[in-house]
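Enquirer: structure here, sequence nowhere to be found:
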């Protein structure tokens, strides 16, 4: 539509492989989204590092905002969400101090052991409540310090990726709390930086400014941006900048941060993030043992969750086939998986060998040999194994989650792109023996828009936002059909 009488909120949604500028607005009491501009986000190898192309992303964002400005007459706000853990450093002249390395950069190989030599694992978890992964910002920063990277020596500011683009939009530096909580440097109880960890790891304290909450208004886009985009005077309203925090806001449920949760979420995409929304963090020995994380959510809530390898293996199998010739479509892969032999190959999506292999199919063949399994006889078995392994991993994590929240979880909400994979959703219902509700697909962008609406007082609460989601977007329900068939594969999976 060329004009619009209702307020339009622009969500800049940045993912690890693509980005979008999406317009959200109310029409006849329902929230609607329109994609304004979509663009690729491809990491690039430069010398011996893997980096994000921030300048190219910024140019694409400006193009999307210009298009939106031409298309909509009443733009009320704009906000950015992105993936977690990655960051950029600014120097004292307000310029990039160095490149934005990706979380798959090889500099963090073996870094956890080096981090634990500086501060013991137990003390890091007690301070932050965050699960241990080499990709966490803390360990990226430790790698930078140990390598004496110039960017860290001259750094005057630390920004997460979403914060970086808010800075480019407004000229103001800010750190939003949900994404800051993925760094493994934030105290989840106080929502402030752990000065003790920062000091003990030898990081410059002055680069970490106080975090702000979702819904805050940073001010209007700066003149240099307004002149290019036409968004003169449009405020930047900070959403939950971590994409999962935005996605969880868009889960269509009737409550918020319950004391005894009966539902959990899976934000399903390249990564899967499976967890519960709680009022307070759970930082105890069991949480540490199970390697769950306490990340910030909207309105002071906690996302108790585990990162899972997600659809990465499935996607990278297609990449491998692409290098070998013409790849199948996603639908062809799912249809082939449906007819393949069940449980012919068991794959743990979190196996270290599958995190960043040069070729996924080769890595899977080597993994099969290493675990005493027959190599996949055909591509269909590969496709099915990637989905079955993910559903089995969900089963394991569900058991862990129930022990942590001390309650039975009856319903699993799958949001994000993975909610469109009907086979995976049914596998999840069967493997976990739980009801699965799939959708909305565009949960991250929806959550981004909702928080802008809360920040501009168009909505008065998270509960009101979730009612709007439920009334605006269709979902699909899956019931367990053959859960007993998963018992023996789950036993074998546990032995991998």
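Expert: Received the coordinates, thanks. This structure is a prediction, so every number in the text was calculated from the model and none was measured.
Enquirer: measure the residue nearest to residue 186 when sequence neighbours are not counted to residue 249 for me?
Expert: Leaving aside its chain neighbours, residue 186 sits nearest to residue 180 (5.1 Å; criterion: CB to CB, 6 or more residues apart in numbering). The way it works is simple: take the backbone N, C-alpha and C, and place the C-beta from them, glycine included. From residue 180 across to residue 249, the span is 17 Å (CB to CB, to the nearest Å).
Enquirer: I'd like to know how many residues surround the residue nearest to residue 186.
Expert: Look at residue 180: counted by other CB atoms under 10 Å, it has 29 neighbours.
Enquirer: tell me the contacts of it?
Expert: 160, 186, 193, 211, 296 (CB atoms under 8 Å, 6 or more residues apart in numbering).
Enquirer: quick check: phi and psi on it?
Expert: phi -60, psi -30 (degrees, to the nearest 10).
Enquirer: quick one: it from residue 419, how far?
Expert: In terms of CB to CB, residue 180 sits 27 Å off from residue 419.
Enquirer: swap in residue 271?
Expert: For residue 271, the distance to residue 419 - CB to CB - is 14 Å.
Enquirer: same question, residue 224
Expert: 39 Å.
Enquirer: quick one, which of these two is more surrounded?
Expert: residue 419 (25 against 11).
Enquirer: the nearest residue to that one once chain neighbours are set aside pairs with what?
Expert: Excluding the flanking residues, the one nearest residue 419 by CB to CB, 6+ apart is residue 438, at 3.9 Å. Assessed by DSSP bridges, residue 438 has beta-bridge partners residue 414, residue 476.
Enquirer: ok, how many other residues are close to residue 438?
Expert: When neighbours are counted by other CB under 10 Å, residue 438 comes out with 27.
Enquirer: pretty sure it sits against residue 425.
Expert: Yes - assessed by CB atoms under 8 Å, residue 438 is found in contact with residue 425 at 4.8 Å.
Enquirer: overlap in contacts, the two.
Expert: 414, 419, 476, 478.
Enquirer: by neighbour count, which of those residues wins?
Expert: Of these, with other CB under 10 Å as the count, residue 414 tops at 31 neighbours.
Enquirer: what pLDDT is listed against it?
Expert: Residue 414 carries a pLDDT value of 98.
Enquirer: residues contacting it?
Expert: Going by CB under 8 Å, 6+ apart, the list of residues near residue 414 reads 265-266, 268, 425, 428, 436-439.
Enquirer: closest one of those residues to residue 300?
Expert: Nearest to residue 300 among those: residue 265, at 17.8 Å, using CB to CB.
Enquirer: what bridges to the closest one?
Expert: residue 275, residue 413.
Enquirer: how deep is residue 121 tucked in, by neighbour count?
Expert: Here the number of neighbours of residue 121 (other CB under 10 Å) works out to 13.
Enquirer: what do you get for residue 347?
Expert: 28.
Enquirer: tell me which element it is part of?
Expert: For residue 347, there is no helix or strand it lies in under DSSP states H and E.
Enquirer: next, it: phi, psi?
Expert: According to degrees, to the nearest 10, residue 347 has phi -120, psi 130.
Enquirer: residues in contact with the closest residue to it other than its chain neighbours?
Expert: In this structure, residue 347 finds its nearest non-sequential neighbour in residue 389, 3.8 Å apart by CB to CB, 6+ apart. Taking CB under 8 Å, 6+ apart, we find residue 389 in contact with 313, 346-349, 493.
Enquirer: wait, which of these is closest to residue 460?
Expert: residue 349 (39.6 Å).
Enquirer: neighbours around the closest one, how many?
Expert: Residue 349: 23 surrounding residues under other CB under 10 Å.
Enquirer: again, but for residue 258
Expert: 16.
Enquirer: repeat that for residue 436.
Expert: Count around residue 436 with other CB under 10 Å applied: 25.
Enquirer: for residue 435, same thing?
Expert: Counted with other CB under 10 Å, residues neighbouring residue 435 total 15.
Enquirer: how about the contacts made by residue 142?
Expert: Contacts of residue 142 (CB under 8 Å, 6+ apart): 111, 114-115, 118, 201.
Enquirer: now do the contacts for the closest residue to residue 128 other than its chain neighbours.
Expert: Leaving aside its chain neighbours, residue 128 sits nearest to residue 184 (5.1 Å; criterion: CB to CB, 6+ apart). Residue 184 makes contacts with 124, 128, 130, 132, 136-139, as judged by CB under 8 Å, 6+ apart.
Enquirer: check for me that residue 471 belongs to a helix.
Expert: Yes - counting by DSSP: H, G, I helix; E, B strand; the rest coil, residue 471 is located in a helix.
Enquirer: isn't it right up against residue 30?
Expert: Yes - with contact defined as CB under 8 Å, residue 471 and residue 30 form a contacting pair (6.4 Å).
Enquirer: just the mean pLDDT for stretch 260-276, thanks.
Expert: Stretch 260-276 shows a mean pLDDT of 96.
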